[in-house]
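Sequence below, structure please.
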Amino acid sequence: MSDIKYTKSVLIAISLLMILIVPVQAETGYNLPSDANIKAFLDSQSISIPGTRTITPQMPENFNFDDNFYTTYGSPDLTANIVGNNEFSKGDTVTLKINLVNKGVITGFKSEKDDDKLSKLDKALQETERGYETQRTTAIGIVSTLVSPYPFIDVKSTPQEAGSLLSGEETNAPPKFTIEIAENAKPGTYPLALNTLYGYQKNVQVSGDNVTNGQITNLEVGIWYDSKSQNHTIPIRIEDEAEFEITNISANLIAGEKGLLRVTYKNVGNQPVKDATVRITASDPFSTTDDQAYLGAIAPGKTSEGVFSINVDQTATSKLYGINSEIKYEDVDGKERVSDTQKIQVRTLPATSLGDQINNNMGIVYVMILLVVAGLGILGYMKLIRKK
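Numbering: from 1, shown residues only. Okay, the predicted model is just below:
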């Protein structure tokens, strides 16, 4: 069989078309969009090559429909899904592996020639063309792009190549996309948008000079390629987590003295926690050797109090200070987690003078005076008894 000649201009166009897909980031709020909005977002994703004109695959110059034996119906049809777990936590940076499967099928053939009027050569060419037509469902040079319509989910990866897939095949090396989930992301399921762009064989034309010993001499094959774009949804889930709020602060922190700080934490999330421990970060003018407090198990809506012994520097200015705290806990899956930072707002009091200390302790002074007077009275009475 002689060499098969492909149309170079079409192959170059397909190669250029596969260079780059530019994602468009949508500006949406935190609410989960409806299916209609997701579809509109997917359909709005434009495919362009910066710095070049739009490329439209064209029919080969030597393609003659008069010599075409078959019109074939069907094309590649890609499906996409995440490999492995799709549940993540806020603040995570993760890499998604996307499995692609080609489920394209040939849906029909239409003969363009009357079989009864075909010559021996035409019949051989017809059979050859049918063999090539079955390649119509192959996806060639797949490029996939993942985009997020949510401001709190950021896709860091550029478009990824996935090779070519015959009908029934799946990717050996799934394209990978790194995403960042913001700390302020709310729990829920969020569909990301995946676009796949690829080339495929649109039509085939064969020609030859003669049939010798069952072989077509000077066989030529002209292949007309086209491009196809598909949009897919890739859902990810941001898990429910325990969340905490400070509901009460009680402190008596005086410059130059040691005092107790009591902080009440409430689990305002939807998940219970156990073995919770809160840790504070004390900075000037505070110091402590007692920076942790055990909170134990906290069910949703319940509270627990942490108590800390705090030293206040004697030079501390009387004003409002912030002390950072974090809660380390075990979630319902047995995973160890650390909460967002909770700031404890406390006000220090000025150091007390000697006079203030006396005034603040007048009750004790009076008791001491009474004890001294009573003691002197008893002593005098005992001396009087001894003289008698």
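
can you give me the strands for the stretch 101-250 of the chain?
Taking DSSP state E, counting those that start in this stretch as the test, the strands found in the stretch 101-250 of the chain are 105-111, 139-147, 153-155, 160-165, 176-181, 188-207, 210-212, 215-217, 220-238, 244-251.

The stretch 251-388 of the chain now?
253-254, 258-267, 273-281, 286-287, 292-298, 303-312, 320-330, 336-338, 342-349.

Now do the fourth one: distance to the chain's middle.
So the one you mean is strand 286-287. Mean-position distance between strand 286-287 and its chain equals 39 Å (Cα atoms, centre = their mean, to the nearest Å).

Including mean neighbour count, distance to residue 270 and mean pLDDT, could the strands of the stretch 101-250 of the chain go into TSV?
For the C-beta atoms, the positions are set from N, CA and C on the backbone; glycine is no exception. Below are these laid out as TSV (neighbours: other Cβ atoms under 10 Å; distance: least, Cβ to Cβ, whole Å; pLDDT from 0 to 100):
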stretch	mean neighbour count	distance to residue 270	mean pLDDT
strand 105-111	12	45	78
strand 139-147	22	29	95
strand 153-155	17	20	96
strand 160-165	17	35	94
strand 176-181	18	18	97
strand 188-207	21	12	89
strand 210-212	12	75	76
strand 215-217	15	71	73
strand 220-238	18	12	88
strand 244-251	15	13	95
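
ok so, going back, kindly present the strands of the stretch 251-388 of the chain as CSV, with separate columns for mean neighbour count, mean pLDDT and distance to residue 219.
Listed next are the strands of the stretch 251-388 of the chain as CSV, based on neighbours: other Cβ atoms under 10 Å; pLDDT from 0 to 100; distance: least, Cβ to Cβ, whole Å:
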stretch, mean neighbour count, mean pLDDT, distance to residue 219
strand 253-254, 19, 92, 93
strand 258-267, 18, 95, 75
strand 273-281, 18, 95, 73
strand 286-287, 17, 93, 88
strand 292-298, 16, 96, 77
strand 303-312, 18, 95, 82
strand 320-330, 17, 95, 71
strand 336-338, 12, 90, 67
strand 342-349, 16, 93, 77
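
possible to save those as JSON lines with distance to residue 376?
Below are the strands of the stretch 251-388 of the chain laid out as JSON lines (distance: least, Cβ to Cβ, whole Å):
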{"stretch": "strand 253-254", "distance to residue 376": "36"}
{"stretch": "strand 258-267", "distance to residue 376": "36"}
{"stretch": "strand 273-281", "distance to residue 376": "51"}
{"stretch": "strand 286-287", "distance to residue 376": "45"}
{"stretch": "strand 292-298", "distance to residue 376": "49"}
{"stretch": "strand 303-312", "distance to residue 376": "40"}
{"stretch": "strand 320-330", "distance to residue 376": "49"}
{"stretch": "strand 336-338", "distance to residue 376": "63"}
{"stretch": "strand 342-349", "distance to residue 376": "38"}
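
Of the ones you listed, give the one that comes closest to residue 179.
Distance to residue 179, taken as Cβ to Cβ, is lowest for strand 336-338 among those, at 19.8 Å.

which residues does residue 294 contact?
For residue 294, the contact set (Cβ atoms under 8 Å, 6 or more residues apart in numbering) comprises 276-277, 306.

Which of those sits closest to residue 254?
residue 306 (20.6 Å).

So the closest one sits against residue 291, correct?
No - taking contacts as Cβ atoms under 8 Å, residue 306 lies outside contact range of residue 291: 10.3 Å.

who's in contact with residue 103?
77-79, 167-168.

rerun at 7 Å
77, 79 (Cβ atoms under 7 Å, 6 or more residues apart in numbering).

and the gap between it and residue 306?
Separation of residue 103 from residue 306 (Cβ to Cβ, to the nearest Å): 57 Å.

and what of residue 260?
Residue 260 is 11 Å from residue 306, by Cβ to Cβ.

try residue 235
Remark: distance between residue 235 and residue 306 (Cβ to Cβ) = 39 Å.

Repeat that for residue 378.
49 Å.

now do residue 189
For residue 189 relative to residue 306 (Cβ to Cβ), the value is 35 Å.

what do you get for residue 211?
Residue 211 is 91 Å from residue 306, by Cβ to Cβ.

Next, count neighbours for the residue nearest to residue 166 when sequence neighbours are not counted.
Leaving out its chain neighbours, the residue that sits closest to residue 166 by Cβ to Cβ, 6 or more residues apart in numbering is residue 138, at 5.2 Å. Here the count is done by other Cβ atoms under 10 Å, and residue 138 has 19 residues near it.

give me phi/psi at residue 138?
Main-chain dihedrals, residue 138, degrees, to the nearest 10: phi -80, psi 130.

how close does it sit to residue 199?
Taken as Cβ to Cβ, the span from residue 138 to residue 199 is 9 Å.

coming back round to it: so which of the strands of the stretch 251-388 of the chain is nearest residue 172?
strand 336-338 (35.7 Å).

my guess is residue 268 meets residue 241, correct?
No - Residue 268 lies out of contact with residue 241 (Cβ atoms under 7 Å); the separation is 10.9 Å.

Of the two, which one has the most company?
residue 241 (19 against 13).

thought that one was touching residue 270?
No - applying Cβ under 7 Å, one finds residue 241 not in contact with residue 270, separated by 8.0 Å.

Save the strands of the stretch 101-250 of the chain as a markdown table, and put in distance to residue 350 too.
Below are the strands of the stretch 101-250 of the chain laid out as a markdown table (distance: least, Cβ to Cβ, whole Å):
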| stretch | distance to residue 350 |
| --- | --- |
| strand 105-111 | 83 |
| strand 139-147 | 58 |
| strand 153-155 | 48 |
| strand 160-165 | 63 |
| strand 176-181 | 46 |
| strand 188-207 | 49 |
| strand 210-212 | 109 |
| strand 215-217 | 104 |
| strand 220-238 | 47 |
| strand 244-251 | 15 |
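
Can you tell me how far residue 167 is from residue 232?
18 Å.

Next: residue 99.
Residue 99 is 11 Å from residue 232, by Cβ to Cβ.
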